[in-house]
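Participant: Please work out how this folds:
(2 chains)
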Amino acid sequence: MFESLTDRFEGILTRLRSRGRLSADDVDDILREIRTALLEADVELGVVRTFTGAVRERCVGLELSQSLSPGQQIIKIVNEELTGILGGEALRISYASHPPTVVLLAGLQGSGKTTTAAKLARWFKQQGRNPLLVGADLQRPAAVDQLRVLGGQAGVTVFSEATDPVAVATAGVAEARRLGRDVVIVDTAGRLSIDAALMDEVRRVAGAVTPDYTFLVIDAMTGQDAVSTALAFHQTLELDGVVLTKLDGDARGGAALSVKEVVGRPIAFASTGEKLDDFDLFHPDRMADRILGMGDVLSLIEQAERTFDEGVATKGAAAIVEGRFSLEDFLEQLQQVKKMGSVSGMLSLLPGVSKDLKQASSMVDDRQIGQVEAIIRSMTPAERRDPSLIDGSRRVRIANGSGTATTDVNALLKQFKEMQKMMKGFGRGGMAGAVGGLGSLFGRGPKLSPQGMADLAAMSGTFDGSPGGLPSGGGAFPPDALAAGAVDGRTVQRGGARAKKGKGAKKGKGGGRVTPKAR
Amino acid sequence: MIGPVVAASSDVVVGLAVGIPVVVVAAVTGVVVRLRRRGRGPSGAPPVPVGPPSVETAPVETASVETASVETAPVETAPTSVEAAPVEVAPTAVETAPVEAATFRGRMGKARGLLAGYLGSVRSRQRIDGATWDDLEEALIRADVGVGATDAVLDDLRARVKAGSIVGVDALLDALKADLVSALSAGSSGLHLPGGHPAGRDAPAATDGDEKPAVDVWLFVGVNGVGKTTTVGKVASRLTGEGIRVMLAAGDTFRAAAGEQLELWSQRSGADIVRGTEGGDPSAVVFDAVQRAAARGHELVLADTAGRLHNKVNLIEELKKIRRVAGRAPGRVTEVLLVLDATTGQNGLAQAKVFLEAVEVTGVVLTKLDGTAKGGIVVAIQRELGLPVKLVGLGEGPADLVDFDPSAFVDALF
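Facilitator: Numbers count the residues shown, from 1 in each chain, chains lettered A, B, ... in the order given. From the prediction side, this is the model:
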């Protein structure tokens, strides 16, 4: 629903292209857009100001390079600054020399502390540790029950008693020592930063157990208030890091940036789903792209991996390579796509997809996909294999059979033909060559700008990077390669050299992958 | 990457797992765009029915019943700074209304100190200048009102200042507050209580001549962790206190121990509860609750639902089903309340949009307003979607849920 920064820049930057250098006025215009984008991403106003100040310094008098458009150059600067703030030193968990290592979780009500506690326990377990969960949230009805159930799912023992939080925490650590557990995770009740009594209580809990790590759990959807909350907790508890939850929503998560900037502590973990395994160390690069609305290709790939049936994908791939992608295959793939969620939702995860295309795709709902399905299902198997069989009377039959009009059938057939053409490129030159054909697919759509097409084509550069960079079995690949892929992809928007540059990105960074991914 | 060998490599499969959908998506989009352009044949894809149908039902429901005077009285009669006088309030609400008004202001005031500086500095200047606008903008943005809504509100005021209809700083502030209050009051009709009776004391079944008295259902929806279960509990306490016989439906079968949490609230409030099994079908729980409520002569079912992010298609589909099932006779859904956390930023608007479209939300419950967060996103939600705030959560106690008071809310924004 929000314009991405890229879209915003389009307007301002078209008039800059002829000049070689950005003037102060140009920079002001651009900074205004950056400001709005960041505010819409819920970055705190003060942080926005500091940030735009830093970007201004780098932009004024910036010599425009030959290879990047001004927009791309600025986005690069903004991205670097963002990643700089978000990244910094990553948190490295070092375990206490005298176990147990105590981790204390605090935060507002509903930020996800209890769930995070269980996820964190699971994470420690996967690291080969032996954690104990301590339920010191005696405030919310049934909070301890919730922790017990989640602890059971994670295979981690939960300790709690109905006394008071300080006593429970103290007893919990003692219990861990007795049981020989090396990590203790203390879940506390949600509290408001202005509630003096409860803040004092959590301070006493911290005093009693002297945590090695104190994490503030914060919701990715939090708005401007994130900063005052984080500061208040930091003053009371001396935070070591932040856990960002509910990142699987579509919030831009600007709160992450605000908190990092103001508290100066790293964002240690990110929670990205309802399952206990949807939890991992935080990736600053992904967050920077997300805040800027540059899409989240990694998330898309993960989503695809989760839902995509490998058999169907292999079959489709084979069909494409052998140049016999039929309507039957199309139907199969379409059902796969439906599993992945809404079409517009998917496109929103892709960087560089123009607003027009997004708008167009938001008109596509399940019913319309259903209609396309119905049309194909009304064809005989022979027709599906060879659409050229379909003459006028067959068209009428198919239209009647699927409850559509012949124009619908025509549109589908035409679209499919163009898609097939593209698919042939797919087989030969990989994604980049193929998606280049997407331009022609939309060429006649007045609602879709050529820019949008080019963007889509450019995006394929990103994908081209992905197969090579992906270790088999579906691990993660280096975020920087991805970022580079995305940026490089954008540089080729207008050139014919699409495929070449896209591949360059892949080769350049392919070897850099490091992060192993727990799945 | 050439030749049939490709198919064997799993790397490529993963690549294609993304690539193919993208191409397919693009192709389908192409079909749709093409059809649209063509003006389409008679049976072509019907235009996507977005807002209108969902919006339509809401006013009908609320208009058909005289809104309970309890709800509206304190809200609308309270002038900007005067406490709602007990005299003006409907007789049934005598005990509660004045207390509520005080609570609202008192609690919000706690957090107000932080931003009090803005208006001070605006007032200290004699003239309206650039800095005035900057201060106002900053105040609104810091309250999470959002850039779009802030610009719209301030642009309108700027035009009025320019035209000379607003003169002086004080007049400007008054106009700003008045604008916000009137925007927030629009479309607010209070809660739809069973039978349309203010407190429902003599209501049970008296209004329905049919053999099968209808059971009103209030559905509570929202993303995770906003306080749905707590809100259901508080509403139950309040309504049972008013003599309405309430049945709770523990429709959150997903979150561990959500049922237990609601059970405790049912004990506190004295409302009955229907629980399902963890991981069970929430629609079934709601259905059972409606059936049991009808059988036992309860007037109202408060249905809790599991928190769900609005971008999870299947979970939203599940919610649609819950709503459909809840509306099956003898049940009728009279309120769908979107519970929204005051700390939520701009994403709140996206949430409201999706939930409104999916389950015809009738109003917003703004929770956790006793903290430092201002909840200004409801201004944007009201502006863009016309969804009124109906209730406000100000704490963890059963009495900490009060009617929304636009003027107190607006005062607290600055």
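Participant: Quick one: mean pLDDT for whichever strand in chain B runs longest?
Facilitator: Identified as the longest strand of chain B according to DSSP state E is strand B:331-341. On average, the pLDDT along strand B:331-341 is 94.
Participant: Buried residues of it, list them for me.
Facilitator: B:Gly331, B:Val333, B:Thr334, B:Glu335, B:Val336, B:Leu337, B:Leu338, B:Val339, B:Leu340, B:Asp341 (16 or more other CB atoms under 10 Å in any protein chain shown). (Glycine included, C-beta is placed from N, CA and C.)
Participant: how close does A:Glu91 sit to chain B?
Facilitator: Quick fix: residue A:91 reads Leu, not Glu. 23 Å (CB to the nearest CB, to the nearest Å).
Participant: Kindly tell me how buried residue 264 is, as a neighbour count.
Facilitator: This is for chain A. Other residues near A:Gly264 come to 11 when the count uses other CB atoms under 10 Å in any protein chain shown.
Participant: Oops, wrong one, chain B.
Facilitator: Residues near B:Leu264, counting by other CB under 10 Å, number 17.
Participant: Give me the contact status of the helix or strand that it is a member of with chain A.
Facilitator: For B:Leu264, the host element (DSSP states H and E) is helix B:258-269. Yes. If you take CB under 8 Å from any CB of the partner chain as the test, helix B:258-269 does meet chain A, through B:Ala258, B:Glu260, B:Gln261, B:Glu263, B:Leu264, B:Trp265.
Participant: ok, the third one - contacts?
Facilitator: To tie it back to what came earlier, the one meant is B:Gln261. Counting by CB atoms under 8 Å, 6 or more residues apart in numbering or on different chains, B:Gln261 makes contact with A:Arg140, A:Pro141, A:Ala142, A:Ala143, A:Asp145, A:Gln146, B:Thr229, B:Thr230, B:Gly233.
Participant: if we take those residues, which one ends up nearest to A:Pro165?
Facilitator: Nearest to A:Pro165 among the contacts of B:Gln261 is A:Ala143, at 11.2 Å by CB to CB.
Participant: My guess is that closest one contacts A:Asp137. True?
Facilitator: Yes. Counting by CB atoms under 8 Å, A:Ala143 touches A:Asp137, with 4.0 Å between them.
Participant: Same list (the residues of helix B:258-269 next to chain A) but as TSV, adding pLDDT.
Facilitator: Below are the residues of helix B:258-269 next to chain A laid out as TSV (pLDDT from 0 to 100):
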residue	pLDDT
B:Ala258	88
B:Glu260	89
B:Gln261	90
B:Glu263	92
B:Leu264	91
B:Trp265	92
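Participant: Next one: stretch A:154-169, is it in contact with chain B?
Facilitator: No. For a cut-off given as CB under 8 Å from any CB, stretch A:154-169 has no contacts with chain B; the smallest distance is 11.0 Å.
Participant: for A:Asp187, what are its contacts?
Facilitator: Contacts for A:Asp187 (CB under 8 Å, 6+ apart) come out as A:Leu105, A:Lys113, A:Thr114, A:Ala117, A:Leu133, A:Val134, A:Gly135, A:Ala136, A:Asp137, A:Ala143, A:Leu147.
Participant: From the residues you listed, which land in strands?
Facilitator: Taking DSSP E as the definition of strands, these contribute A:Leu105, A:Leu133, A:Val134, A:Gly135, A:Ala136.
Participant: Are stretch B:315-327 and chain A in contact anywhere?
Facilitator: No. Stretch B:315-327 stays clear of chain A (CB under 8 Å from any CB), getting no nearer than 9.1 Å.
Participant: where does the stretch 151-300 of chain B come near chain A, residue by residue?
Facilitator: Residues of the stretch 151-300 of chain B lying close to chain A (CB under 8 Å from any CB) are B:223-227, B:230, B:254-258, B:260-261, B:263-265, B:278.
Participant: And the next helix or strand past the longest strand of chain B?
Facilitator: Next in sequence after strand B:331-341, counting helices and strands by DSSP H and E, comes helix B:347-359.
Participant: And that next one, what does it pack against?
Facilitator: helix B:51-64, strand B:215-221, helix B:313-326, strand B:331-341, helix B:377-385 (3 or more CB pairs under 8 Å, 6 or more residues apart in numbering or on different chains; DSSP states H and E).
Participant: hmm, back to that, if we check chain B, which of the contacts of A:Asp187 are in contact?
Facilitator: Among the contacts of A:Asp187, the residues that sit close to chain B (CB under 8 Å from any CB) are A:Ala143, A:Leu147.
Participant: need the contacts of A:Asp187 in CSV with neighbour count, can you?
Facilitator: Output for those, formatted as CSV (neighbours: other CB atoms under 10 Å in any protein chain shown):
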residue, neighbour count
A:Leu105, 24
A:Lys113, 29
A:Thr114, 30
A:Ala117, 32
A:Leu133, 28
A:Val134, 33
A:Gly135, 27
A:Ala136, 32
A:Asp137, 25
A:Ala143, 23
A:Leu147, 29
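Participant: Can I get the contacts of A:Asp187 in CSV including pLDDT and distance to B:Val161?
Facilitator: Shown next, in CSV, are the contacts of A:Asp187 (pLDDT from 0 to 100; distance: CB to CB, whole Å):
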residue, pLDDT, distance to B:Val161
A:Leu105, 95, 49
A:Lys113, 92, 47
A:Thr114, 92, 50
A:Ala117, 94, 53
A:Leu133, 95, 58
A:Val134, 94, 58
A:Gly135, 93, 56
A:Ala136, 92, 54
A:Asp137, 90, 51
A:Ala143, 89, 51
A:Leu147, 93, 55
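Participant: one step back: Throw the contacts of B:Gln261 into a markdown table and include distance to A:Ala270, thanks.
Facilitator: Compiled in a markdown table, these are given as follows (distance: CB to CB, whole Å):
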| residue | distance to A:Ala270 |
| --- | --- |
| A:Arg140 | 24 |
| A:Pro141 | 28 |
| A:Ala142 | 26 |
| A:Ala143 | 23 |
| A:Asp145 | 26 |
| A:Gln146 | 21 |
| B:Thr229 | 25 |
| B:Thr230 | 26 |
| B:Gly233 | 31 |
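Participant: By neighbours, which of those residues wins?
Facilitator: In terms of neighbour count, B:Thr229 stands highest of these at 30 neighbours, by other CB under 10 Å.
Participant: Assumed it was part of a helix.
Facilitator: Yes. Read with DSSP: H, G, I helix; E, B strand; the rest coil, B:Thr229 is one of the residues of a helix.
Participant: Can I get the helix holding B:Leu264 as PDB, trimmed to CA atoms?
Facilitator: Presented in PDB, the C-alpha positions along helix B:258-269 are these (Å, rounded to 0.1, in the frame of the first residue of the first chain):
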ATOM      1  CA  ALA B 258      -5.700 -18.900  25.400                       C
ATOM      2  CA  GLY B 259      -8.700 -20.900  26.500                       C
ATOM      3  CA  GLU B 260      -7.500 -21.000  30.000                       C
ATOM      4  CA  GLN B 261      -6.900 -17.200  29.900                       C
ATOM      5  CA  LEU B 262     -10.500 -16.700  28.800                       C
ATOM      6  CA  GLU B 263     -11.800 -19.200  31.300                       C
ATOM      7  CA  LEU B 264     -10.300 -17.100  34.100                       C
ATOM      8  CA  TRP B 265     -12.100 -14.100  32.700                       C
ATOM      9  CA  SER B 266     -15.300 -16.000  32.600                       C
ATOM     10  CA  GLN B 267     -14.900 -16.800  36.300                       C
ATOM     11  CA  ARG B 268     -14.200 -13.200  37.000                       C
ATOM     12  CA  SER B 269     -17.200 -11.900  35.100                       C
END
